[in-house]
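J.: Sequence and computational prediction follow.
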Amino acid sequence: MERLNFYYLGPVRVDPLSAQNEKLLDKGKTYSVVTMNMVLEQPVQYGIYHYLVEE
């Protein structure tokens, strides 16, 4: 089983205009998914951002 890392960066709000229903194909099976943009209430510190995108 693949292990995924998650980082809590603070409270967010959903951009309601960005929500979309989409289809995801995984190993021959189709799933319905919803995607959306989330906007952080506070900016991420540069050092943390750099760590996350360079990893």
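T.: Cool, the structure landed.
J.: which residue sits farthest out from the middle of this protein?
T.: residue 28 (23.4 Å; C-alpha atoms, centre = their mean).
J.: what sits up against the helix or strand of the chain with the lowest mean pLDDT?
T.: When each helix and strand of the chain is scored by mean pLDDT, DSSP states H and E, helix 46-54 comes last, with a mean of 90. By C-beta atoms under 8 Å, 6 or more residues apart in numbering, the residues outside helix 46-54 that reach it are 7, 9, 44. (Glycine included, C-beta is placed from N, CA and C.)
J.: What remains of these if I keep only buried residues?
T.: residue 9 (16 or more other C-beta atoms under 10 Å).
J.: What strand or helix carries residue 34?
T.: strand 29-35 (DSSP states H and E).
J.: tell me which strands and helices that strand is in contact with?
T.: strand 20-26 (3 or more C-beta pairs under 8 Å, 6 or more residues apart in numbering; DSSP states H and E).
J.: so how far is the strand it packs on from its chain's centroid?
T.: 15 Å (C-alpha atoms, centre = their mean, to the nearest Å).
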